[in-house]
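Q: 3D, please:
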Amino acid sequence: MTDQAKQSIEREERDWRAEVRASFVAIPHKPVFGMLLLAWVLLFFFVGNSTQGYVKSPNLFAWMSFVYDMGPDDRHGYMIPFAVLGFLWWKRGELATATTKFWWPAAGVLFVAIVVHLLGFMAQQARISIVGFFVGIWALVGMVWGPVIMRRTFFPFLLFVFCVPLAAATDTLTFPLRKFATAVTVKICNLLSIGVQQQGTNIIDPGGRYQYDVAAACSGIRSLTAICALTAAYAFVFFTKSWKRAIVLLLAVPLAVISNVLRLLTIVLASEIAGLMGRSSQAAGGYVHDSTVISLMPYVVAFFGVLLVARRLKEDRDIDIMEVGIPVGIGIGVSVALGWLFNRNVDAVIVETGGPGRWVLLAPFFVVIVAMFLTQREAFQLLTRRAVAVGVTGLLIIGAFGGFLAKRQLWQRLSEPGVKVIPEKMYAFTETNRILAATNSVYLPRRVLAYDSQPLPLSKLVYDWLPKDTVYGQRRYVSTNGPFWLDNMVVLMGADRTSIHKPQYCIVGQGFTIISEETDSIRMTAPTPYDLPVKRLTFKGNVMDDGKRREATGVFVYWFVSDSDLSSEHGERMWRMGYDLVRTGVVQRWAYVICMAFCEPGKANEDATYEKLKEFIRASVPEYQLTTGKPSPELSSMRTGK
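A: Take a look at the predicted model:
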């Protein structure tokens with residue numbers, strides 16, 4: 001390299017560094033914003049998470065990192081804060097020309113953020129608290145720099161919505177999307193004279209050459225979030241008219257579904273071609289499914305779909321894409337590098353308390369806080385009357401709110417359970433010893449109809465994950481009239497709602513595939529006539545039988561019960577518990593009841609097994625469940641009382 005080239009590179013580096021320093025130095029009232037942002041971040045660090053189940057930490061960022069690390073569908077949340085910094089850097093010229101002033105009405109937005117976090121904290125819903133955290137930062141921007149800056153930073157701050165983890169909360173959406181993607185794919189294949197059939201969310205070749213389950217990732221939901229982020233960025237960067245932005249944003253849903261249907265079609269076509277060539281159809285489809293290149297198809301189709309529509313609408317602004325892409329790309333690259341650095345050789349115990357990913361989430365905020373102080377040249381700005389008034393007011397609000405939250409959980413009280421609890425010890429077993437998991441158990445009868453039973457030991461994994469005040473009841477019932485057995489289990493929560501989660505997670509987590517879901521009711525005759533709302537799941541997978549693995553189908557029936565309510569809907573139970581927590585401070589002590597059995601594959605066998613489970617439930621539930629439904633033949637509502 002010549003001396004002239006070296007000098008040119010050094011000059012560019014100096015210019016780049018000088019521009020960064022100059023941009024930060026030009027920001028007014030930096031120490032005020034730095035102190036308020038630090039106080040706000042510390043609030044959510046120490047009293048941000050009220051659940052102490054899966055994540056035993058009051059740190060909201062620890063909860064976020066834990067959820068992000070649970071699966072790939074939410075991991076983009078690490079990148080969003082860095083991407084927001086990139087967009088703010090791109091808008092630096094626009095922000096530098098804006099009129100700034102201390103603006104008291106933004107304190108109202110801060111109050112809204114505080115109320116949002118309060119609701120999330122009281123209802124044990126950390127996702128709501130995440131919204132409050134980012135709305136609060138935007139409010140602090142308004143308090144220190146005024147309404148013009150708030151308006152001009154609305155788009156970058158809007159991207160923070162993608163930090164809210166939704167993959168675990170969208171099962172009610174993914175299952176219909178899975179069925180829809182399956183149905184569309186099968187219809188297109190039939191039009192192409194490929195005679196595949198649909199069974200629930202499965203695409204099946206009648207000849208038995210291949211069979212594929214359309215998992216949640218193929219429903220369109222995995223790519224939907226990423227495509228929504230892409231369309232949001234494109235809409236706000238290149239368009240100024242609201243109706244044009246709305247059109248571009250609404251493209252995300254159909255583009256995600258269309259793209260995933262195309263991906264499913266490639267899997268089926270690959271299977272058919274492999275079959276014609278005398279090769280394994282199942283293996284060929286599996287190879288296409290696992291291909292990284294083909295997995296990018298949804299994003300490629302979405303990108304060109306957005307471009308096509310944008311060209312039709314005609315962009316309102318002519319912007320060099322590199323001006324936006326470089327700072328945002330650098331931000332995302334930094335987040336990926338930090339994630340790799342912090343997550344090497346992570347111990348499982350550390351992950352339980354949130355994992356080192358929390359520091360990746362905190363990094364951009366601490367960088368801003370440090371920069372606010374290090375680039376402050378005129379210290380007297382902090383001592384102006386309005387600056388002191390805004391700073392002290394913000395700190396007092398945040399401090400008072402933090403103290404209130406610290407005491408809020410002490411005021412909560414548990415309701416009575418809706419199932420019988422007896423002083424019987426429950427143990428969790430490891431390979432070498434047993435652990436006392438609980439001193440109480442949920443009562444389950446030893447004999448029901450023609451079934452004898454034995455208690456089931458608690459899984460060590462379940463004991464490690466769930467809060468220690470969880471109470472269990474588990475028995476296996478074996479029929480004396482034939483080779484049929486079923487499991488009856490109850491999980492009773494304590495003060496933490498994370499004792500109970502969506503039943504679908506357990507089934508899928510054990511390697512099974514859910515074939516169908518349906519809501520039903522079972523007519524109970526004792527102690528009074530009422531309809532018990534239940535959810536029936538049918539699943540399939542491999543089980544061990546006499547030391548050998550074989551494919552079997554299972555029927556899984558569950559419902560939820562508290563001291564005054566019955567429900568088969570996880571969402572309704574969560575809403576009811578949160579509503580009562582906020583309104584009265586009483587934690588409804590819900591129990592999650594399961595009855596399940598395996599059977600041979602086939603609709604007739606599944607229905608027959610379900611009838612046996614219903615018969616067992618009618619006879620056993622009055623023995624241990626205290627809550628009943630309304631004595632009415634009409635099942636007009638899932639919400640019932642004693």
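
Q: Next, the contact list for Phe154, please.
A: Trp138 (Cβ atoms under 8 Å, 6 or more residues apart in numbering). All C-beta atoms are positioned from the backbone trio N, CA, C, and that covers glycine.

Q: Phi, psi for it please.
A: Per-residue torsions, Phe154: phi -60, psi -50 (degrees, to the nearest 10).

Q: Distance of it relative to Gly142?
A: 10 Å (Cβ to Cβ, to the nearest Å).

Q: Same question for Ala256.
A: Counting by Cβ to Cβ - Ala256 and Gly142 are separated by 34 Å.

Q: Quick check on the two: which one has the bigger neighbour count.
A: A direct count of neighbours by other Cβ atoms under 10 Å for Ala256 and Gly142 places Ala256 higher, at 27 against 23.

Q: what packs against the strand or helix carrying that one?
A: For Ala256, the element it lies in under DSSP states H and E is helix 252-276. Secondary-structure packing of helix 252-276 (3 or more Cβ pairs under 8 Å, 6 or more residues apart in numbering; DSSP states H and E): helix 171-191, strand 211-213, helix 221-238, helix 281-290, helix 292-295, helix 297-313.

Q: 10 Å - rerun?
A: Judged by 3 or more Cβ pairs under 10 Å, 6 or more residues apart in numbering; DSSP states H and E, the packing partners of helix 252-276 are helix 171-191, strand 202-204, strand 211-213, helix 221-238, helix 281-290, helix 292-295, helix 297-313.

Q: buried residues in that helix?
A: 252, 255-265, 267-272, 274-275 (16 or more other Cβ atoms under 10 Å).

Q: tilt between it and helix 171-191?
A: 50 degrees (axes from the mean of the first three to the mean of the last three Cα atoms, to 10 degrees).

Q: Give me the distance from helix 252-276 to the chain's centre.
A: 26 Å (Cα atoms, centre = their mean, to the nearest Å).

Q: show me where pLDDT drops low in the stretch 101-250 of the chain?
A: 167-176, 200, 214-223 (pLDDT under 70).

Q: try 90 this time
A: 119, 122-125, 165-186, 192-250 (pLDDT under 90).

Q: before we move on, back to that, what is the orientation angle of the helix holding Ala256 with helix 281-290?
A: Going by the same axes, to 10 degrees, helix 252-276 makes 150 degrees with helix 281-290.

Q: could you give the mean pLDDT of helix 252-276?
A: In this model, helix 252-276 has a mean pLDDT of 84.

Q: what residues are up against Ile247?
A: Each residue near Ile247 by Cβ atoms under 10 Å, 6 or more residues apart in numbering is listed here: Thr231, Ala235, Phe239, Lys241, Val309, Ala310, Arg312, Leu313.

Q: Could you rerun that using 7 Å?
A: With contacts defined as Cβ atoms under 7 Å, 6 or more residues apart in numbering, Ile247 is in contact with Val309, Leu313.

Q: and it, how far is that from Ser259?
A: 18 Å.

Q: same deal with Asp520?
A: Distance check for Asp520 against Ser259: by Cβ to Cβ, it reads 35 Å.

Q: And Phe539, by the same measure?
A: In terms of Cβ to Cβ, Phe539 sits 28 Å off from Ser259.

Q: go on, Ser564?
A: 46 Å.

Q: now do Thr99
A: Applying Cβ to Cβ to Thr99 and Ser259 gives a distance of 44 Å.

Q: Residues contacting stretch 122-141, please?
A: Residues outside stretch 122-141 that contact it (Cβ under 7 Å, 6+ apart) are 33, 36-37, 40, 44, 48-51, 60, 63-64, 106, 109-110, 112-114, 116-117, 119-121, 149-150, 153, 157, 160, 163-165, 169, 394, 408, 497, 578, 581-582.

Q: for Pro434, phi and psi?
A: One thing to correct before we go on: residue 434 is Arg, not Pro. The phi/psi pair for Arg434 (degrees, to the nearest 10) is phi -120, psi 150.

Q: How about Arg413?
A: The phi/psi pair for Arg413 (degrees, to the nearest 10) reads phi -140, psi 150.

Q: residues touching the residue nearest to it when sequence neighbours are not counted, list them.
A: Among residues not flanking Arg413 along the chain, Val586 sits closest, at 5.9 Å (Cβ to Cβ, 6 or more residues apart in numbering). When the contact criterion is Cβ under 7 Å, 6+ apart, the partners of Val586 are Arg413, Ser415, Asp580.

Q: Does the last one touch Arg589 like I think?
A: Put plainly, it is Asp580. No: counting by Cβ atoms under 7 Å, Asp580 sits too far from Arg589 to count as a contact (10.8 Å).

Q: any idea how far Phe365 is from Ile27?
A: 16 Å.

Q: actually Ile422, sorry about that
A: 49 Å.

Q: These two - which one has more neighbours?
A: Remark: of Ile422 and Phe365, Phe365 carries more neighbours, 19 against 12, as counted by other Cβ under 10 Å.

Q: Does that one touch Val41 like I think?
A: Yes: with contact taken as Cβ under 7 Å, Phe365 and Val41 are classed as touching, separated by 5.2 Å.

Q: Skip the chain neighbours and tell me the closest residue to Thr430.
A: Excluding the flanking residues, the one nearest Thr430 by Cβ to Cβ, 6+ apart is Lys460, at 5.3 Å.

Q: What distance do you get for the one you found to Cys228?
A: 40 Å.

Q: tally of neighbours for Val587?
A: Counted with other Cβ under 10 Å, the burial measure for Val587 works out to 21 neighbours.

Q: what's it in contact with, if anything?
A: Counting by Cβ under 7 Å, 6+ apart, Val587 makes contact with Gln412, Leu414, Ser415, Ala495, Leu581.

Q: Just the buried residues of those residues.
A: Ser415, Ala495, Leu581.

Q: could you give the angle of the helix holding Ala256 to helix 221-238?
A: Using the same axes, to 10 degrees: helix 252-276 against helix 221-238 is 130 degrees.

Q: and the angle for helix 252-276 with helix 297-313?
A: Using the same axes, to 10 degrees: helix 252-276 against helix 297-313 is 130 degrees.

Q: coming back round to it: make JSON lines out of the helices and strands packed on helix 252-276 and add distance to Tyr68 and mean neighbour count.
A: Converted to JSON lines, those look like this (distance: least, Cβ to Cβ, whole Å; neighbours: other Cβ atoms under 10 Å):
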{"stretch": "helix 171-191", "distance to Tyr68": "18", "mean neighbour count": "18"}
{"stretch": "strand 202-204", "distance to Tyr68": "30", "mean neighbour count": "20"}
{"stretch": "strand 211-213", "distance to Tyr68": "25", "mean neighbour count": "18"}
{"stretch": "helix 221-238", "distance to Tyr68": "12", "mean neighbour count": "21"}
{"stretch": "helix 281-290", "distance to Tyr68": "23", "mean neighbour count": "18"}
{"stretch": "helix 292-295", "distance to Tyr68": "19", "mean neighbour count": "12"}
{"stretch": "helix 297-313", "distance to Tyr68": "20", "mean neighbour count": "16"}
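
Q: quick one: which of those is nearest Ile319?
A: Among the helices and strands packed on helix 252-276, helix 221-238 comes nearest to Ile319, with 6.2 Å by Cβ to Cβ.

Q: Tell me how far the closest one lies from the chain's centre.
A: 18 Å.
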